[in-house]
Every structure is written in C-alpha cells, then in structure tokens.
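In: task: produce atomic coordinates for the following.
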Amino acid sequence: MHFKQTVWRFIVFNLMNALLATNVYAITNVTGDPIIIIEDDTPENVIISDDIFPAKPAESLWPKINAGYKMYTKPSKKGLKRIKKYENWYKKRPDYIERMMVRANKYLYFVYQEVKKRNMPMEIALLPMIESAYNPLAKSKAKAVGMWQFIPSTGRLYGLQQDWWRDERKNVIESTDSALDYLERLHDEFGTWELALAAYNAGEGRVGRTQKKNKRNKRPTDFYSLNLPMETRNYVPKLLAIRNIMQNPAKYGIVLKDIPFQPYFESVVVPDEIDTELAARLAEISLEEFQLLNAEHKRPIMKSVEGAHSILLPVGAVTTFNKNLFAHDQPISSWKVYKPKKGETLKHVAKKFNIDWRVLAKVNQLRSQKRFGKRNILLIPNTNAIGTSFPSSGGIIDYHTIITHRVKSGETLSHISSRYKVGVKAIMEFNELPSSKIIIGDILDIPK
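Out: Numbers count the residues shown, from 1 in each chain. The predicted structure is shown next:
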C-alpha cells in the first residue's frame, strides 16, 4: 500500500470517529465511500446572533498609501529647510490635521485607487491636502475651485463643465480624473514629478521659461535649482512635509485616525430632475453630507439635459435611497425653469407667476430691478418649494439685493463693511474668504 493511501485512510478513520462522538455519523454507499450525515438538533425558532461571527474590521488605507510613495529625490539645503518648516507648521496644528482628515475620509480611498491605476507616486493622493485641505467647496481668490483647485480656463481645457447648473471642478470624480490627466501630461513634458507639480501650481509656461533661463546661464534645471515664485518653491516641500507626517505621524505627535480601505461612496442613477433636499431625505442623510459628495450642483434642483444622470451617496445609503425613491409618490421636482424675455425685469416675472419678487430674488441670487438678456434662466418655485434653501455650494441667500464691489487701493474689509453696513463675517462667508485679507482688484459680492 502506498504511503499516501495509508495517510488518507488514517485521516478518514479519525474524522469518522470524531463525527460519531457527536450528533454526526457516517455510513457508506455501495462503493464503500463514506457519506457523512449531520443531524441538526437546533430548534427552528432559534435565532443565531451576528455577534457570534463578528465582521472583520476593514483594513486601514494608510499602509497602502505609505507603500506607494516614490518622490525621494534629494532636496537642496533650502528645499530641506522648507520641508522642515512645514513639518513644524503642521506639527503645531494637530487640530487642523484632524479636521482635514475628517474631510479626506470621504474621498481618499477613491483618489488612492485612481492614482494607483495610473502607477503615479502616491504623494499625488495627498495633493488635495495642500490644495484645498480636501474640501470640494474650496474657492481661492484666483477663482480656483474644488478639491484640485482648477481655475476656469484649465478646468474647461480638461473637460470640466461650468454652467448655470453645475461646476464640475467641484465634482469629486470628474475633477480627480482631470487633475491626474493634467499631472501626467506635465510629467511627460518636464520629466520629474517635482517639476510637474511646480507647473501644476505656477503654470507650465512659467516653469518652462525659468528652465530656459537656467540653461542659458548654464545652471541646473531641476526643481530645486529654479528661481520660481515663493508659493511654488514652497509647494513641493509642503507636499513632502505632509507625506513625511502621514508616513510617521507619531514622530510629529500626530494621532492619525484610520481611514477604512473600502469605498465611502457609490454612484447612483437618478431622474433628469430631482430636488437636492429631497434626494438627501430619500437617502436619509443630512443635506450637508449630500452636498459634500455632490458639490458641483449649484441650484436647489439637480438637472441634466441629457436625461438620467448620477449622484454620489454613502455606500450604506444606496439601498435606502433606491427603496425610498421607488416608494415616493409625490413630484420629485418643486421648480420650473423659465427663460425671461428680453427686457423683462424680476418684478415682471414675479407678477406673472404670482410670486413675491423677494422670494424670486432670493432663490435666483438676483437684484430686484435686473433686466434679463436672452441667455438668462430663472428658477420659479412651486408653492411647496418656497422656503427651500440653496445648497451651500450655491450659497444660501437671505438677502434681497447683491452689490458687486471691486476692491480699491487702501480698502480693507472693515472699510467695505462700514460702507455697506454689512458685517465683516457676513461678507467673508458670502464670498467664501479664508481670511479677512483682500487685495486690490478682488471682486466681492455684498449681500444686502
């Protein structure tokens, strides 16, 4: 008898003895092969708790990200000094890191997957931390918007739609795809990720001209040798400082909460028109949570001229949303779209639809005496829509008039606040200003 056959019979013999010692026994079929019979004495009405087999906790995303870093070019002495400066800056602000991580929790897994697909350095997944602190609603004074901070022209160049209804620079999926396309092209052009990032920040023209100047002067053309604007010279060191902290948070006294290695959101198809607030209610999530996943929508109604479109929802809310949408037997849109005729004013339109002009001004962010051109669009609320608020990405407006003010030499927010009798805080919130600092030429919307 072969050794393997002996071992097999030994295993079967011991298994059958063990089973016979319980409520499990064995018989053989006509060929002599054992048939295992299990008698189940469990009463039919016994419910087995899921706690007996607890779900395995999700892996952490951080080890995956940390394993993908590739930007280890030795910095210059000045570059190293800047990296250390930003390491210390973040080290002194653990509360800032914590707030940023709360926001990043929603998006980082998705960005990680997209960066990994393209075999890009994982430092790129951290770039929104220095661009926007992972805030899709972020807006700069240079009119850069979204998690990846696209200015309007670059956004359009990379296919991000910007119109009355939406601004895809705030769309998490579309803007990430466009940003990675742009960064890959810059890397192909300049040859290193440090230079690609510098061009992303300062513009490829600026970096290219500075390289040519260094070549003429027979100087090196790597990132650390270029005399770029101070913001750009700090840009890469700031990213590398964040990378170092994420890699070893304990070294900097930072407690980094785990981000699960699993999707936070899922794409769901919705009809061509649906109220923003209704969509949040059907998903049984807060309006704020909904807006942070669908920040591109600027109006209280999400509308697509191409028919059904997609929204993002937390994975755990998808089934709830679909179930509630199927059971919803009321209209899913509380608004009508109206294109005013040339020469019509806001008050004319309000009278036509028997609506207080103040309500119409509020929901459309317009002044009362405004005359309309051919391209204007108005949202007309149905009776049950009055009182519905705008998403924060579009701006909730509690004012009847908006004044546009261009900042002049010597003006401060306090001066402007006194002139229009509107609080500094209200102006800052309305214009999404990160601080009270303003510069000549800034255009501010003053709510009245």
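In: helix, strand or coil: sort out E277 for me.
Out: When classified by DSSP: H, G, I helix; E, B strand; the rest coil, E277 comes out as helix.
In: residues in contact with the longest helix along the chain: which ones?
Out: What stands out as the longest helix in the chain, according to DSSP state H, is helix 94-117. If you take C-beta atoms under 8 Å, 6 or more residues apart in numbering as the criterion, helix 94-117 is touched by 61, 64-65, 68, 90, 121-122, 124-125, 128-129, 133-136, 147, 172-173, 176-177, 180, 245, 253-257, 259-265, 292-293. From N, CA and C alone the C-beta is placed, and that goes for glycine too.
In: can I get it in CSV? Just the C-alpha atoms.
Out: Presented in CSV, the C-alpha positions along helix 94-117 are these (Å, rounded to 0.1, in the frame of the first residue of the first chain):
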residue,chain,number,x,y,z
PRO,A,94,-2.9,68.8,15.1
ASP,A,95,-6.5,70.2,15.1
TYR,A,96,-6.0,71.3,11.5
ILE,A,97,-4.7,67.9,10.5
GLU,A,98,-7.7,66.3,12.3
ARG,A,99,-10.3,68.5,10.5
MET,A,100,-8.6,67.8,7.2
MET,A,101,-8.7,64.0,7.8
VAL,A,102,-12.4,64.1,8.6
ARG,A,103,-12.9,65.6,5.1
ALA,A,104,-10.4,63.3,3.4
ASN,A,105,-12.2,60.3,4.9
LYS,A,106,-14.9,60.6,2.2
TYR,A,107,-12.6,60.9,-0.8
LEU,A,108,-9.2,59.5,-0.1
TYR,A,109,-9.9,55.8,-0.9
PHE,A,110,-11.3,56.8,-4.3
VAL,A,111,-8.3,59.1,-5.1
TYR,A,112,-5.9,56.4,-3.9
GLN,A,113,-7.5,53.9,-6.4
GLU,A,114,-7.3,56.4,-9.3
VAL,A,115,-3.6,57.2,-8.6
LYS,A,116,-2.7,53.5,-8.2
LYS,A,117,-4.4,52.7,-11.6
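In: of the contacts of helix 94-117, which belong to strands?
Out: Under the assignment DSSP state E, these contribute F265 to strands.
In: point out where the stretch 151-300 of the chain drops to low pLDDT.
Out: By pLDDT under 70, the stretch 151-300 of the chain has no low-scoring segment.
In: quick one, helices of it?
Out: Assigned by DSSP state H, counting those that start in this stretch, the stretch 151-300 of the chain shows helices spanning 152-157, 172-190, 193-202, 204-216, 230-247, 276-283, 287-293.
In: how is this protein partitioned into domains?
Out: Domain segmentation of the chain under automatic domain parsing yields 3-50, 62-252, 264-332, 335-381, 402-447.
In: can I get those in a markdown table with mean neighbour count?
Out: Formatted as a markdown table, the domains of the chain follow (neighbours: other C-beta atoms under 10 Å):
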| stretch | mean neighbour count |
| --- | --- |
| domain 3-50 | 9 |
| domain 62-252 | 18 |
| domain 264-332 | 17 |
| domain 335-381 | 16 |
| domain 402-447 | 14 |
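In: stretch 439-448 - what's its average pLDDT?
Out: For stretch 439-448, mean pLDDT rounds to 69.
In: which one is G159 nearest to, not counting chain neighbours?
Out: In space, G159 comes closest to S178 once its chain neighbours are excluded; the distance is 6.1 Å by C-beta to C-beta, 6 or more residues apart in numbering.
In: now do L444
Out: H405 is the one closest to L444 (C-beta to C-beta, 6+ apart), at 4.8 Å.
In: I figured A241 hits Y86, correct?
Out: Yes. A241 is within contact range of Y86, at 3.6 Å (criterion: C-beta atoms under 8 Å).
In: what's the next secondary structure element after the helix or strand in which the residue nearest to L444 is found?
Out: Using DSSP states H and E, H405 maps to strand 402-406. Per DSSP H and E, the first helix or strand lying C-terminal to strand 402-406 is helix 413-420.
In: what's the mean pLDDT across the helix or strand just after that following helix?
Out: For helix 413-420, the following helix or strand on the C-terminal side (DSSP H and E) is helix 424-430. Across helix 424-430, the average pLDDT comes to 79.
In: elements contacting helix 424-430?
Out: Helices and strands touching helix 424-430, as assessed by 3 or more C-beta pairs under 8 Å, 6 or more residues apart in numbering; DSSP states H and E, comprise helix 413-420, strand 443-447.
In: and it, how far from the chain's centre?
Out: Chain-centre distance of helix 424-430: 24 Å, with C-alpha atoms, centre = their mean, to the nearest Å.
In: make CSV out of the helices of the stretch 151-300 of the chain and add distance to K78.
Out: Shown next, in CSV, are these (distance: least, C-beta to C-beta, whole Å):
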stretch, distance to K78
helix 152-157, 29
helix 172-190, 20
helix 193-202, 14
helix 204-216, 15
helix 230-247, 8
helix 276-283, 48
helix 287-293, 38
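In: which of these sits closest to Q330?
Out: Checking the helices of the stretch 151-300 of the chain against Q330 by C-beta to C-beta gives helix 276-283 as the closest, at 8.7 Å.
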